[in-house]
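**Q** Sequence and predicted structure, then a few things I'm wondering about:
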Amino acid sequence: MNGHRTLVVMASRTQGLLLKLLLEERGVETVCVDAVEPALAEIAGRPQDLLIVEGTLAGPTGLAELRARCDAAILVLGHGEGEHDPSDPRGVVEAAVGLMERRGAPPTAAEIFHRARVLIVDDSATYREFLRAELEQEGCAVTAARNADEAVTALAGGGLDCVILDLVMPGTSGTQLCERFDRFRRRRGLFFQIVILTSQDDEEQLMISLNAGADDFVGKAQTMDVLKVRLMALLRRKYFVEDHLLRPPRLLPSA
């Protein structure tokens, strides 16, 4: 764990120093403070890999301010859901070390798919449900649409990561719908990906689809594993941009 830096924010100096000792035994450089204001000053001066924060000390407002000022993950101490028991310092340290190790590693396929929210647009109920079952098995949250109107309604709700769009649709072509989706995301500043899925797997159709705004093109003759791998690659790039390039700039404490 050499090179990692952690900031502990706890009211109890004794408990804070115990965590510091245990973390430094694991090779983690650690600083302890007893309030949110000195924590903000520490963050402004040095980047952190992890914040360990006593939830009742910081409160919702303090936690929100720490998250706004620092890119690091926050491990909250307390007795609520999702919090870590401060009376188990070794358990806290194990959780902290595991979180830093996972944060530094590239995401696994399972992590990517469990984060993904996918819209399937296909007029074939059989194929829609086949795709839904395959992607939900990987952990994706899936919404299905039968036509353009249902798809636009789903998109307007926000929160989607990818649209998988059949090229042949009743009343409109998949290419026209792709152009519509591309305009929609540009106008609203959204960052969902568009994948054209089709039986017309040829170079001409590939060029037409990509020029219409598609981010990838997968033939239905390909195996489901190929679709999943290409979907994962698109989502991995999307999440990297969101997590590392589109974060708001870190604010400095006001004087």
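**A** Received it, and whenever you're ready, just let me know what you need.
**Q** What's the local residue count around residue 152?
**A** As a burial measure, residue 152 scores 15 neighbours (other C-beta atoms under 10 Å). The C-beta positions use only the backbone N, C-alpha and C, and glycine is treated the same way.
**Q** which residues touch it?
**A** Going by C-beta atoms under 8 Å, 6 or more residues apart in numbering, residue 152 touches 180, 184.
**Q** helices and strands around the one helix or strand residue 164 maps to, which ones?
**A** Counting by DSSP states H and E, the element that carries residue 164 is strand 162-166. When contacts are defined as 3 or more C-beta pairs under 8 Å, 6 or more residues apart in numbering; DSSP states H and E, strand 162-166 packs onto strand 117-121, helix 148-156, helix 174-188, strand 193-198, helix 224-240.
**Q** List the buried residues of whatever helix or strand comes next after the fourth one.
**A** If I follow you right, that is strand 193-198. Later in the chain than strand 193-198, the nearest helix or strand by DSSP H and E is helix 203-211. Residues of helix 203-211 classed as buried: 205, 206, 208, 209 (neighbour count, 16 or more other C-beta atoms under 10 Å).
**Q** again, but for stretch 41-48
**A** Those would be 42, 43, 48, for stretch 41-48 by 16+ other C-beta under 10 Å.
**Q** confidence score at the second one?
**A** At residue 43, the predicted lDDT confidence score is 91.
**Q** quick one: pLDDT of the closest residue to it other than its chain neighbours?
**A** In space, and not counting its chain neighbours, residue 43 is closest to residue 70: 4.7 Å by C-beta to C-beta, 6 or more residues apart in numbering. pLDDT, residue 70: 83.
**Q** In this structure residue 70 contacts residue 41, no?
**A** No. Residue 70 is beyond contact range of residue 41, at 11.8 Å (criterion: C-beta atoms under 8 Å).
**Q** so which helix or strand takes in residue 53?
**A** Assigned by DSSP H and E, residue 53 belongs to strand 50-54.
**Q** Oops, could you answer that again for residue 143 instead?
**A** Judged by DSSP H and E, residue 143 forms part of strand 141-145.
**Q** before we move on, back to that, hmm, who's touching the strand holding residue 164?
**A** With C-beta under 8 Å, 6+ apart as the test, strand 162-166 has contacts from 116-124, 127, 131, 151, 155, 174, 177-178, 181, 192-198, 214, 231, 234-235, 238.
**Q** Repeat that for stretch 51-59.
**A** For stretch 51-59, the external contacting residues (C-beta under 8 Å, 6+ apart) are 6-11, 19, 34-36, 39, 43, 62-63, 66, 70, 72-78, 80, 83, 86, 92, 96.
**Q** Buried members of the residues you listed into ChimeraX, please.
**A** Buried residues within the contacts of stretch 51-59, by 16+ other C-beta under 10 Å, are selected in ChimeraX with:
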select :6,7,8,9,10,19,34,36,39,43,62,63,66,70,72,73,74,75,76,77,78,86,92,96
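**Q** now, which of the contacts of stretch 51-59 lie within strands?
**A** Per DSSP state E, strands hold the following members of the contacts of stretch 51-59: 6, 7, 8, 9, 73, 74, 75, 76, 77.
**Q** didn't the last one look like it was pressed against residue 87?
**A** No. Taking C-beta under 8 Å as the definition, residue 77 is not a contact partner of residue 87, at 9.4 Å.
**Q** Low-confidence ranges, this structure, go.
**A** For the chain, the stretches flagged by pLDDT under 70 are 1-2, 103-105, 244-255.
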